[in-house]
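S.K.: Quick one: sequence and predicted model below, then my questions.
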Amino acid sequence: MGAQFQPGQAKGFHRGKLRPIHAVIPFNIRGLINGIGGDQKFISYLDDLFTELNVGPIIAHDWHGNQPSGQNPWMYDYAHAPWKTQQVVRRIQTELYTDAPSGSPGNDDGGSLSSWYVWSVLGMYPITPGTADLALGSPLFPRAVVHSGNGTTITINGRGAAPDAPYVQELKVNGSAWPKSYLPSSLIERGGTLDFTLGTAPNMDWATGANAAPPSYSDGQKSTIAFTEPSRDFVMGHNDKKTVTVAAQNITNNPQEVTWRAEVPAGITMSSVSGTLRVPPAGVGADEIDVASGAGNGQYRIRIHTYAKNGQELSNVVLDVTVAG
């Protein structure tokens, strides 16, 4: 799984590459974060992505100027690091956008870049389609008033707002402290007032509590994702042996017990054809198995099935083995 992941890969992509779209799962973002390995690993992924902001189609960093994954800078909110969203969004605003006639950093594509900018300077972004979820950054202006189509008004006050003051120190929603990195849907439905207090240094305590992240929607989610290492296919010689890792990645916040069973074709043997994995929250459980080939050439397919403790079938894996002398 990991060995074949090439983050700068552009093959098979048009005007894009693998790394920026790796996180484009806008509904179950908590499942995505757990699947990557938890908050810190996800934060590291985003930090590396935003090392550079507009590097083109080959280098494995962000390419904001052409059909970007606009939600990516806001996903720090889901990993309980909202100050990093505030920082990266402000970098994009000030480093890539200007007030010149061609002030967007690339092809606006029907308004995608300009609309991203408008949302971002208001200090929020509609990250999950079909919901009223607005992930929070920080406003660039000391005051903005939004009149919605349903007749409501949202007033955004940014005390201390300045290009070099992207960090939220405090937020009040309709006069009450709001320690979360997203807005309540009631604000969209009925309107209201946001009072931000902003500063030049990050407040690493604001909106970092266990329930502070925006909602994720896990309907239909299974508890683990199975994978192998090597992933998908490999080549062996005659009467050869190779060690394969059979593993499961937990995408929940609870420990899981996963059993696996392999269907092995004639001509291939495995040192074990079944096992039980104990998988920690947002972690990996793995068995190492020896795969042995016979004396003849051929292509062989191993199917590995995984099951939850209650017998529910989870994800399955296929390994294609080529034996060649």
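M.R.: The structure has been received and is ready for your questions.

S.K.: what about T197, which helix or strand?
M.R.: For T197, the element it lies in under DSSP states H and E is strand 192-199.

S.K.: just the CA coordinates of that strand, formatted as PDB?
M.R.: These are the backbone C-alpha positions of strand 192-199, laid out as PDB (Å, rounded to 0.1, in the frame of the first residue of the first chain):
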ATOM      1  CA  GLY A 192     -26.600  36.200  13.500                       C
ATOM      2  CA  THR A 193     -23.400  37.800  14.500                       C
ATOM      3  CA  LEU A 194     -19.900  36.500  14.700                       C
ATOM      4  CA  ASP A 195     -17.400  38.400  16.900                       C
ATOM      5  CA  PHE A 196     -13.800  37.300  16.200                       C
ATOM      6  CA  THR A 197     -10.800  38.500  18.200                       C
ATOM      7  CA  LEU A 198      -7.700  38.100  16.100                       C
ATOM      8  CA  GLY A 199      -4.000  38.200  16.700                       C
END
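
S.K.: What is the subsequent helix or strand relative to it?
M.R.: Once the chain leaves strand 192-199, the next helix or strand it forms, by DSSP H and E, is strand 224-229.

S.K.: ok, and for the longest helix that the chain contains, which residues are buried?
M.R.: As assigned by DSSP state H, the longest helix anywhere in the chain is helix 82-96. Neighbour-count burial for helix 82-96, counted by 16 or more other Cβ atoms under 10 Å, picks out 82-90, 92-93, 96. No exception for glycine: its C-beta is placed from N, CA and C like everyone else's.

S.K.: ok, back up a step: and the strand holding T197, how far out from the chain's middle?
M.R.: When distances are taken as Cα atoms, centre = their mean, to the nearest Å, strand 192-199 is centred 27 Å away from the chain's centroid.

S.K.: would TSV of the buried residues of helix 82-96 with distance to L32 and pLDDT be doable?
M.R.: As requested, the buried residues of helix 82-96 are arranged in TSV below (distance: Cβ to Cβ, whole Å; pLDDT from 0 to 100):
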residue	distance to L32	pLDDT
P82	17	99
W83	21	99
K84	17	99
T85	16	99
Q86	21	99
Q87	21	99
V88	18	98
V89	20	98
R90	24	99
I92	21	97
Q93	25	97
L96	26	95
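
S.K.: before we move on, the earlier item: what helices or strands is the strand holding T197 leaning on?
M.R.: Using 3 or more Cβ pairs under 8 Å, 6 or more residues apart in numbering; DSSP states H and E, the elements in contact with strand 192-199 are strand 153-159, strand 167-173.

S.K.: which neighbours does that strand have in its sheet, and in what orientation?
M.R.: Each strand paired with strand 192-199, and its direction, by DSSP bridges: strand 153-159 (parallel), strand 167-173 (antiparallel).

S.K.: Also compute the angle for the last one relative to helix 82-96, please.
M.R.: With axes from the mean of the first three to the mean of the last three Cα atoms, to 10 degrees as the criterion, the two stretches strand 167-173 and helix 82-96 enclose an angle of 110 degrees.

S.K.: ok, back up a step: out of the strands paired with strand 192-199, flag the one nearest G283.
M.R.: strand 167-173 (31.3 Å; Cβ to Cβ).

S.K.: how distant is the closest one from the center of its chain?
M.R.: Remark: strand 167-173 is offset 25 Å from the chain centroid, using Cα atoms, centre = their mean.

S.K.: Could you list the buried residues of it?
M.R.: Buried positions in strand 167-173, judged by neighbour count with 16+ other Cβ under 10 Å: 167-169, 171, 173.

S.K.: want to throw those into TSV with distance to L49 and pLDDT?
M.R.: Below are those laid out as TSV (distance: Cβ to Cβ, whole Å; pLDDT from 0 to 100):
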residue	distance to L49	pLDDT
Y167	20	99
V168	22	99
Q169	26	99
L171	26	99
V173	30	98
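
S.K.: I'd like those residues written out as CSV, with distance to D287 added.
M.R.: Output for those, formatted as CSV (distance: Cβ to Cβ, whole Å):
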residue, distance to D287
Y167, 46
V168, 45
Q169, 49
L171, 47
V173, 49
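
S.K.: What is the nearest of those residues to R261?
M.R.: Distance from R261 was checked for each of these by Cβ to Cβ. The minimum falls on V168, at 50.0 Å.

S.K.: Kindly confirm whether my reading is correct that the closest one touches T85.
M.R.: No: taking contacts as Cβ atoms under 8 Å, V168 lies outside contact range of T85: 9.6 Å.

S.K.: got any residues that touch both of these two?
M.R.: Residues touching both V168 and T85 (Cβ atoms under 8 Å, 6 or more residues apart in numbering): L136.

S.K.: Just the CA atoms of stretch 255-264, as CSV, please.
M.R.: Provided in CSV are the C-alpha atoms of stretch 255-264 (Å, rounded to 0.1, in the frame of the first residue of the first chain):
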residue,chain,number,x,y,z
PRO,A,255,-10.2,-0.9,19.0
GLN,A,256,-11.3,-3.6,16.5
GLU,A,257,-10.7,-7.3,16.2
VAL,A,258,-10.5,-8.4,12.5
THR,A,259,-10.2,-12.0,11.2
TRP,A,260,-8.8,-12.7,7.8
ARG,A,261,-9.0,-15.7,5.5
ALA,A,262,-7.1,-16.3,2.2
GLU,A,263,-8.2,-18.2,-0.9
VAL,A,264,-5.0,-19.7,-2.3
